[in-house]
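Colleague: Need a 3D model of the sequence below.
(one chain, ligands or ions: 2)
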Amino acid sequence: MHFPSCANLNALADSRKKLLKDTAAMLRKKKDNEVDAKVHALHHEAFEKFDCLSCGNCCRTTSPRFLQTDIQRLARHLKMKVSDFIDTYLVMDEDSDYVFPAPPCPFLLEDNKCLVYEHRPQACREYPHTNRKRFRQILSLSIKNASICPVVFGIFDKLGKQINGTGI
Ligand code: SF4
Ligand code: SF4
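Modeller: Ligands and ions are numbered 1, 2, ... in the order given. Purely as a prediction, here's the structure:
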């Protein structure tokens, strides 16, 4: 599986938008369990080879959405009041979700490790969602994630080869 550099991934994914969309359109025609079997196998193959510590692009360029349980857990870990944690780190977005005001994540360290790894938000644990059930339901989100996450791009590339005979 090929993983592009995250340095120019946004531009690369933009230039391959049609191929990404064509692959997603082919996946939409298939059954959930067939898509999940393919994507989950590629997810495991990808993360056996790719080390997130060499990347950190999701933490550097996007914000997770915080559940109340995430906020409570992190505030407790940092020995802060919940209200102080929110005032210090978060804003509410247009969907009424708490997020960081702007990337990068304040807990991202220089070596791409996470300062609060054991206590990180649920969204961070689940990103990039390539092992979730009914992956077919998040194809549009995953096309966006292909411009952030080299693993998602690599999975789409391989799916394109498997389904259309053409990589991304
Ligand atoms: S909390 Fe940790 S895993 Fe989540 S975005 Fe920040 S650095 Fe990344
Ligand atoms: S999940 Fe994707 S974008 Fe985030 S660090 Fe791992 S490879 Fe990079």
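
Colleague: Now do the same contact list for the most centrally placed residue in the chain.
Modeller: Nearest to the mean C-alpha position of the chain, by Cα atoms, centre = their mean, lies Pro128 at 2.9 Å. By Cβ atoms under 8 Å, 6 or more residues apart in numbering, Pro128 lies in contact with 58, 142, 145, 148-149, 151-152. (C-beta placed from N, C-alpha, C; glycine too.)

Colleague: how about a cut-off of 10 Å?
Modeller: Contact analysis of Pro128 by Cβ atoms under 10 Å, 6 or more residues apart in numbering lists 43, 46-47, 52, 58, 138, 141-142, 145-146, 148-153, 155.

Colleague: Kindly report the same for Arg28.
Modeller: Counted by Cβ under 10 Å, 6+ apart, Arg28 has contacts 35, 136-137, 139-140.

Colleague: what's the closest of these to Ala24?
Modeller: Leu139 (4.2 Å; Cβ to Cβ).

Colleague: Report the spatially nearest residue to that closest one, omitting neighbours in sequence.
Modeller: Nearest residue to Leu139 in three dimensions, chain neighbours excluded: Ala24, at 4.2 Å (Cβ to Cβ, 6 or more residues apart in numbering).
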